[in-house]
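Colleague: Coordinates for the following, if possible.
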Amino acid sequence: MDIARLTKQVREWAQELGFADVGFSDTDLSAASKEFREWLRRGFHGEMSYLSRNLEKRFDPQRLLPGTVRIISARMDYSPEALPDALKDPSIAYVSRYALGRDYHKVVRKRLAKIARKLVAATGGTHRAFVDSAPVLERPIAEKAGLGWVGKNTLILNRDAGSFFFLGEIFTDIPFEVSKPNGKDHCGSCSSCITLCPTGAIIGPRQLDARLCISYLTIEHKGSIPLELRPLVGNRIFGCDDCQLVCPWNRFAPQTEVSDFAPRHELDRTKIVDLLGWDEETFRDRTLGMALRRINYQQWVRNLAVAAGNAPYSEELVSALQLKQAEMTTSGDTLCQEHIAWALNRLTAETVPQ
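Modeller: Okay, the predicted model is just below:
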């Protein structure tokens, strides 16, 4: 087997399929094990119980796919063309950039699977693609594969691409030559992501308490958003990009060439009041094939209610909330009722003369 030639082919296949870069790592993840276990012990994962399952498979790729000796780590940029600054207009519902287009799980995994099939055709053997679909430590793998370093915001940063990119992996039994890790932390003395995190979720360099993270609160968390955190959520209804938007390295983030990641339904600029007009059928129809489907309609309404409570007062917004409250009362959804009531109290209190 000509490993050098095959490595070149993998890079060519990846580029043809829209990947910006690939690297190769070994399967030794023991260095990440202690840190991850301590993070779990401190309860920073919140309700994400799946992170504490299958730990041995997470730390030993050969347990997940027997025969694995190398991991191909791939990077696909997702930042669309210049977007309106929705965070500066509290009447607009902010959706994290990664979720504006087609679900990245579908896009990235489908393309990685094509590379895996090409490897099967070329060498036989065992090759399997993963994109957030199994217990895989994608960031330590990406760092070992030379795709960047773990920044103070806990994301992989790249000097040429910032952090607006997806990661995916192919486990393989081909003994590729491992890539040289970046080996250097280029965050330096910068602490913008820590200082400017709206909820203080980044409690220290590379230390995230997910229970405070707006992405966790609006996506992973299923219940009531804590009262003290609601005003800090602002107009963010799905995810949060603040720690990326303030990162100096994202000045170099390239625009994606993958059309699937272009914003759908103008969700990069839609007002909160307009989204409150969506019923469940509209929500399901408009979010088909998008990462927004990671939340259900109840969470969608809950998140919109919090954003509405943080928005400027308008009679139109109050009316939309009242209509949604009637809908939730009819369906018996107490979680949404409670958040809508909070929003209405916030909005109407601001109109009372002092």
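Colleague: what comes up buried for stretch 239-257?
Modeller: Residues of stretch 239-257 classed as buried under the neighbour-count rule (16 or more other C-beta atoms under 10 Å) are Gly239, Cys240, Asp241, Asp242, Cys243, Gln244, Val246, Cys247, Trp249, Asn250, Ala253, Thr256. In short, each C-beta sits where N, CA and C put it, glycine included.
Colleague: Please apply the same query to stretch 279-297.
Modeller: Result for stretch 279-297 [16+ other C-beta under 10 Å]: buried residues Phe283, Thr287, Met290, Ala291, Leu292, Arg294, Ile295, Tyr297.
Colleague: Return the residues in contact with Leu137.
Modeller: Leu29, Ala32, Phe36, Arg58, Phe59 (C-beta atoms under 8 Å, 6 or more residues apart in numbering).
Colleague: what's the answer for Lys184, then?
Modeller: Counting by C-beta under 8 Å, 6+ apart, Lys184 has contacts Trp149.
Colleague: swap the cut-off to 10 Å and go again
Modeller: Contact analysis of Lys184 by C-beta atoms under 10 Å, 6 or more residues apart in numbering lists Trp149, Arg159.
Colleague: Then Ile92?
Modeller: 84-86, 235, 237, 267-275, 307, 311.
Colleague: could you point out where the stretch 151-300 of the chain is predicted with low confidence?
Modeller: Along the stretch 151-300 of the chain, the parts satisfying pLDDT under 70 run over 183.
Colleague: would you list every one of the helices in it?
Modeller: Using DSSP state H, counting those that start in this stretch, the helices of the stretch 151-300 of the chain run over residues 192-196, 214-215, 230-233, 242-245, 272-275, 280-286, 297-309.
Colleague: Make JSON lines out of those helices and add distance to Val22.
Modeller: Formatted as JSON lines, the helices of the stretch 151-300 of the chain follow (distance: least, C-beta to C-beta, whole Å):
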{"stretch": "helix 192-196", "distance to Val22": "26"}
{"stretch": "helix 214-215", "distance to Val22": "26"}
{"stretch": "helix 230-233", "distance to Val22": "36"}
{"stretch": "helix 242-245", "distance to Val22": "22"}
{"stretch": "helix 272-275", "distance to Val22": "38"}
{"stretch": "helix 280-286", "distance to Val22": "34"}
{"stretch": "helix 297-309", "distance to Val22": "35"}
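Colleague: for the ones you listed, which one sits closest to Leu335?
Modeller: Closest approach to Leu335 among the helices of the stretch 151-300 of the chain (C-beta to C-beta): helix 297-309, 6.1 Å.
Colleague: Kindly provide the distance from the spatially most central residue of the chain to Phe166.
Modeller: Nearest to the geometric centre of the chain sits Tyr98, at 6.4 Å (C-alpha atoms, centre = their mean). Remark: distance between Tyr98 and Phe166 (C-beta to C-beta, to the nearest Å) = 7 Å.
Colleague: Need the overlap of contacts for these two.
Modeller: Tyr78, Tyr104, Phe261.
Colleague: Mind picking the one among these that's closest to Pro135?
Modeller: Using C-beta to C-beta, these come closest to Pro135 at Tyr104, 18.5 Å.
Colleague: count of residues packed around the closest one?
Modeller: Counted with other C-beta atoms under 10 Å, residues neighbouring Tyr104 total 23.
Colleague: can you pull up the bridge partners for the nearest residue to it once chain neighbours are set aside?
Modeller: Excluding the flanking residues, the one nearest Tyr104 by C-beta to C-beta, 6 or more residues apart in numbering is Phe166, at 4.8 Å. Beta bridges link Phe166 to Met76, judged by DSSP bridges.
Colleague: Surely Phe166 touches Ser73?
Modeller: No. Contact status for Phe166 versus Ser73: not in contact, 11.2 Å apart, counting by C-beta atoms under 10 Å.
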